[in-house]
Structure formats: C-alpha cells, structure tokens
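Visitor: The following comprises the amino acid sequence and a computationally predicted model.
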Amino acid sequence: MDLDAVLPPPGEEAHALSHAGEEMSLYQELDQLTNDHRKWSLCRRSDLRDRSQRIHDEVYSWLDQYDALSEALLAYLHDDLQPPVYDPNEPDTFSIEVVDIFCECICPRRSSFVSHNCIAREVRTFKHESPHLNVTLMRYGCIGCAAIRPSIAITVRTLAVYRQTHRVCPRLRIHAEAKKICHLHNVSYHRYLATQYRIAYDVYLEVLRRIDMKINTHLGHDAPHWRMRNSCPACQYQLQDEPVLKFSVLCSFDGNNSAKLVDPVIRRGNERPDPRSGLSSIWLTEEYVDGFKDEVQSARTRQAKDNNRQHIQDPDDPWVDELDSTDAEPSSVCVDRWRNAVPESCKKMFAIFKKSGIFITVCWHGFLLTICDMVQSGELLANVSLTCTGLLLTSCTSMKYPIASLKKLMDVLGPNILYGYDIKCAFEKIILRSSLADDVKRLNIQGVVPAFHGHAHNRLCQVQHHSKYMVGAGKEDFETCERVFSESNALAAQTRNATEFHRHQALDEHF
C-alpha cells in the first residue's frame with residue numbers, strides 16, 4: 001500500500017473528519033509508519049549472498065535421501081503402485097504438478113483404465129508417507145526437481161525413456177528432450193525447464209547406480225576390477241578343455257580428441273563447484289596415469305647411454321639415426337605423415353581445453369576395458385614427436401596414457417595379450433626401454449599396427465609390425481577403437497561445454 005497516497009495533504013486533514021472522530025490519531029499512526037518505512041529503506045543492508053555454492057548445496061541436500069529413494073524405487077518397480085485419489089483439502093496431503101509422456105485414460109467403450117499414447121501434465125495429490133516429499137513421490141514413480149520443496153515432478157518412466165533413447169542416439173540432449181515435452185504439452189520453452197529436467201535425471205541415475213551397487217554386492221560382483229575381468233564373455237569366459245590360444249586377449253587402444261572439455265577459464269562466468277565425480281570403476285584416475293609421465297624421458301636416457309657405449313652403428317639396429325639415413329624412403333616417413341595431419345594451429349588449440357579427449361582400451365568385440373581422460377596435451381601431439389625407426393624421441397608426457405593402459409591390462413588380465421596401436425612401431429621401443437620392459441617380456445605382451453593405419457607406415461615398418469604378418473592375430477584388423485569412436489563422437493556437442501561431472505556421466509552412460 002502507498003501510505004503517502006492515503007494521508008491527506010497538510011492543512012486539509014479536517015475535510016476527511018467524520019462525526020465519529022478519531023481520524024487524527026489514525027493519520028498520526030500512518031504518518032509514523034511512513035517515516036519508519038523511509039528510515040529502514042535507507043538503512044537496509046545489502047544481500048551479500050551469491051549462487052556460487054548452489055550446486056554444492058543442492059548435491060548435499062539430496063545425500064540423506066538416496067537410500068530411502070532407492071528402496072522406494074525398488075518398491076515401485078515391484079508393485080507398480082498407482083497413487084490413490086485424494087482430496088487436496090484433506091489433512092496431511094500435498095499437491096504437485098507431474099509431467100509424464102504417458103497417462104492412464106478412461107476408454108469411452110470400457111469402464112476400466114487403459115493405456116493410451118497420450119501425454120499427461122496434471123496436478124496430483126499425494127499423502128505424506130515419509131519425512132521427505134521425494135520419497136513419497138518415488139513410491140508412486142515420480143521424482144521431484146528439488147530436494148526440499150519441489151514444485152514439479154517427472155515420472156520415472158519418462159526419465160527411463162530418455163535414458164534409453166540417449167544411449168542409442170547420443171545427439172539427443174537434455175535441452176532437446178525438454179523442448180520436446182514442452183511441444184507435447186503446448187507450453188512455451190524456458191531454460192529453467194531443462195535445468196529442472198537435468199536435476200531429476202541426475203537423481204534418477206544416482207539412484208540406479210546405488211541399486212546396481214547393492215545388487216553387485218549381493219552377487220559378489222564388487223571385487224576390484226570385476227567389470228574389467230568380465231566385460232566380454234567371448235574373450236574372458238573359458239570352457240573346459242578349451243584349446244590354448246597363442247594370445248588370450250586381443251585388444252586395441254587409441255585416443256580420441258572429440259571428447260574435449262573447454263577450460264572453465266575460457267568460458268564466460270565462473271564454474272560452480274560440483275563435488276560429484278561421475279567416474280565408474282572402469283576409469284583410470286589421473287593420479288594413476290601421472291605415475292608414468294616420465295617413462296619417455298627415461299627411455300631417452302637409457303637410449304643415450306646405449307649409444308655412448310656403441311661407437312660403431314649396427315646396420316641391423318632398428319634405431320637408425322634419422323640424419324644419417326640415406327634410404328630412398330626416409331625412416332621417419334611414418335611420423336611425417338602423422339605430423340602432416342596435425343597443423344600447427346591445431347597443436348596450439350589444445351591450450352583452451354581442460355580435457356583434450358579420452359584414451360580407451362577395447363577388446364576386439366568392442367567392449368570397454370579401460371578409459372581415462374587426456375589432460376590438455378592430446379594423444380596426437382605425442383604421435384608427431386615420435387619416429388618410426390629413428391632416434392628422434394622427445395620428452396612427451398602424452399605417452400603416459402598408452403603406457404598406463406598397458407600396465408593395467410598386464411596387472412588385471414595377465415599374460416599373452418596382443419594389442420593394436422596406431423604407432424606401435426615407436427611405442428614398442430619406449431616400452432622396451434621403460435620400467436615395464438621386464439614384465440612385457442615375461443608376460444609375452446606383443447603389439448601390432450592396425451590394418452587401416454598400417455598404410456601410413458613405410459614398407460619396412462609394415463613388414464615388421466603390421467597385423468596381417470602376426471601369427472595368432474587371425475583376420476582381426478584391430479580398428480575397433482575407430483568403430484567405437486564413430487558412435488561416441490556424437491557426444492561431443494553436449495560434453496564440450498558441460499561440467500566435468502556431466503561429461504563423465506555422459507561418457508559412462510554411453511560406454
């Protein structure tokens with residue numbers, strides 16, 4: 001109320017007096033309130049709170065609900081309960097808007113409820129069954145978009161449809177899904193609707209993850225590296241009296257630069273801290289990978305010592321000095337072709353990315369064995385600094401990714417592993433001069449150059465390292481990583497500017 005408009009002008013108070021009187025005391029009280037309001041408006045303190053901890057507070061507000069939400073979701077999936085119809089005026093009830101892409105409608109020709117391909121966006125009334133509203137909602141197949149006082153809920157089956165659609169069509173993002181639902185419901189799209197959908201979807205995936213952990217514990221599948229040991233039944237399940245093969249595991253590893261993550265410093269605004277990681281047991285941590293960052297430098301040191309001991313060059317030594325090579329085809333032709341594929345501008349471009357891609361290991365059936373982030377220095381930058389048969393070995397920490405992946409394979413899967421790598425010719429020389437040399441020889445770890453990439457190597461390299469000349473490789477082309485990346489590249493549009501957690505979540509859901 002505008003108190004100034006209520007008070008009469010000075011000197012005209014008598015015109016508003018009635019026969020009952022007491023109007024002057026009312027005007028005095030209103031005048032006092034006006035003065036107090038003006039005084040407090042001048043002395044009002046500024047609100048120094050910000051939204052920098054919004055995600056952090058939101059995550060921790062959900063933590064004490066996840067166990068109850070997991071039990072409620074299992075009960076809903078088992079019983080498939082439909083919420084009873086309550087009067088909103090009944091005590092101990094609450095009403096909330098529920099978004100669904102399915103609904104139960106009354107068929108005009110039948111008296112029962114039947115399912116139709118219609119949409120539903122309605123206000124439903126629930127009765128409190130738990131101190132947390134979301135636990136009550138989950139009991140009937142809904143997830144609220146806020147931890148404490150949700151104003152909108154999304155059904156579990158709507159989130160399940162998006163999850164499975166996104167797994168087969170990685171290009172479908174949360175924003176597109178939110179727009180689709182808005183179009184179905186004839187509602188104008190706003191960005192906060194996608195944020196609400198994202199919150200509910202994150203909670204749904206976390207609840208599913210906790211349920212999977214409980215199931216794996218009861219089944220005894222919670223041992224270290226269980227997923228890696230049992231990822232591919234065809235490769236890792238052995239029958240009785242099965243003939244022993246020369247190589248027990250055929251795999252490939254390679255890096256992919258499409259799954260980049262732009263550094264938050266480059267982007268507009270400040271990134272809000274998120275305590276979630278989104279990493280499953282199949283991921284190699286950055287600390288584990290960094291343990292092998294000095295292997296290339298160690299190989300150079302050992303190589304220099306060997307060269308000082310040998311004053312006469314052995315013509316059969318594959319480590320030929322590049323400058324003294326007089327062959328018609330230069331010994332560094334393999335690396336020259338890799339270098340030509342990476343312009344100088346692309347090398348400098350990696351500075352704006354916090355994560356420059358991923359490095360994966362897959363079996364020859366396409367099942368993921370290991371995955372790790374490539375931090376700032378891309379895998380291709382390691383390739384361009386390595387020669388096929390020369391002495392040119394620069395100190396490049398990017399080679400730590402294949403070294404760490406190979407180490408994990410040896411520790412978990414054991415002996416007789418045949419791997420395919422694009423620059424196996426140079427990578428093998430580093431391995432044989434690294435701290436893994438003794439284990440590689442003892443466990444019979446061998447590698448090949450994949451069939452397609454072999455055409456970029458010179459003739460001598462192909463004869464020595466090409467997959468078709470390796471006994472025990474069969475008809476495998478070791479290009480499985482390229483086929484895997486052809487599908488995962490569709491995630492690049494949504495992960496490049498996402499948070500680290502949502503990037504890991506999207507990659508983990510895809511693989």
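Guide: Thanks, I have it. Numbers count the residues shown, from 1 in each chain.
Visitor: Can you give me the buried ones in stretch 233-241?
Guide: By 16 or more other Cβ atoms under 10 Å, the buried positions in stretch 233-241 come out as 235-236. The way it works is simple: take the backbone N, C-alpha and C, and place the C-beta from them, glycine included.
Visitor: Between the two ends of that stretch, how far is it?
Guide: Criterion Cα to Cα, to the nearest Å; first-to-last residue distance in stretch 233-241 is 17 Å.
Visitor: gap between it and the chain center?
Guide: Relative to the centre of its chain, stretch 233-241 is centred 31 Å away, using Cα atoms, centre = their mean, to the nearest Å.
Visitor: same thing with stretch 410-418?
Guide: Centroid separation between stretch 410-418 and its chain, computed with Cα atoms, centre = their mean, is 27 Å.
Visitor: What average pLDDT does that stretch get?
Guide: Averaging pLDDT along stretch 410-418 gives 93.
Visitor: Please apply the same query to stretch 83-94.
Guide: Taken as a whole, stretch 83-94 has a mean pLDDT of 83.
Visitor: Give me the distance between the two termini of that stretch.
Guide: Start-to-end, stretch 83-94 (Cα to Cα) is 12 Å.
Visitor: So for it, what gets flagged as buried?
Guide: 83, 94.
Visitor: which other residues reach it?
Guide: Stretch 83-94 has contacts (Cβ atoms under 8 Å, 6 or more residues apart in numbering) with 95, 124-128, 133, 140.
Visitor: Kindly recompute the last result at 10 Å.
Guide: Applying Cβ atoms under 10 Å, 6 or more residues apart in numbering, the external contacts of stretch 83-94 come out as 95, 98, 123-129, 133, 136-137, 139-142, 149-150.
Visitor: do the same with stretch 164-180
Guide: Stretch 164-180 has contacts (Cβ under 10 Å, 6+ apart) with 99, 101, 158-159, 161-162, 189-198, 201-202, 487-495, 498, 502, 506-507, 509-511.
Visitor: 6 Å - rerun?
Guide: With contact meaning Cβ atoms under 6 Å, 6 or more residues apart in numbering, stretch 164-180 is reached by 162, 189, 193-194, 197-198, 490-491, 494, 510.
Visitor: Between the two ends of that stretch, how far is it?
Guide: 16 Å.
Visitor: buried set for that stretch?
Guide: For stretch 164-180, a neighbour-count test (16+ other Cβ under 10 Å) marks 166, 170, 172-175, 177-178 as buried.
Visitor: cool, and stretch 486-493?
Guide: Applying a neighbour-count criterion of 16+ other Cβ under 10 Å, one finds 488, 491-492 buried in stretch 486-493.
Visitor: Going through the contacts of stretch 164-180, which ones are buried?
Guide: Using 16+ other Cβ under 10 Å as the burial test, these include 162, 193-194, 197-198, 491, 494, 510 as buried.
Visitor: Which of these fall in strands?
Guide: When DSSP state E is applied, the buried ones among the contacts of stretch 164-180 are split such that none fall in strands.
Visitor: Save those residues as a markdown table, and put in pLDDT and distance to Asp212 too.
Guide: Shown next, in a markdown table, are the buried ones among the contacts of stretch 164-180 (pLDDT from 0 to 100; distance: Cβ to Cβ, whole Å):
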| residue | pLDDT | distance to Asp212 |
| --- | --- | --- |
| Tyr162 | 95 | 19 |
| Leu193 | 93 | 29 |
| Ala194 | 93 | 26 |
| Tyr197 | 95 | 22 |
| Arg198 | 95 | 21 |
| Leu491 | 91 | 21 |
| Gln494 | 87 | 23 |
| His510 | 91 | 16 |
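Visitor: which of those residues sit farthest apart?
Guide: By the measure Cβ to Cβ, Leu193 and His510 form the most distant pair in the buried ones among the contacts of stretch 164-180, at 24.3 Å.
Visitor: following the lowest-mean-pLDDT helix or strand in the chain, which helix or strand comes up?
Guide: Lowest mean confidence among the helices and strands of the chain (mean pLDDT, DSSP states H and E): strand 113-116, at a mean of 40. With elements assigned by DSSP states H and E, the helix or strand that comes after strand 113-116 is strand 120-127.
Visitor: Listing partners with orientation, what would you give for that next one?
Guide: Strand 120-127 has its sheet partners listed here by DSSP bridges as strand 93-100 (antiparallel).
Visitor: Quick check, Cys251 in contact with Ile360.
Guide: No. Counting by Cβ atoms under 6 Å, Cys251 does not reach Ile360; the two are 10.1 Å apart.
Visitor: Which of the two has more residues huddled nearby?
Guide: Cys251 (29 against 26; other Cβ atoms under 10 Å).
Visitor: OK, contacts around that one?
Guide: Listed by Cβ under 6 Å, 6+ apart, the contact set of Cys251 reads 361, 363, 419.
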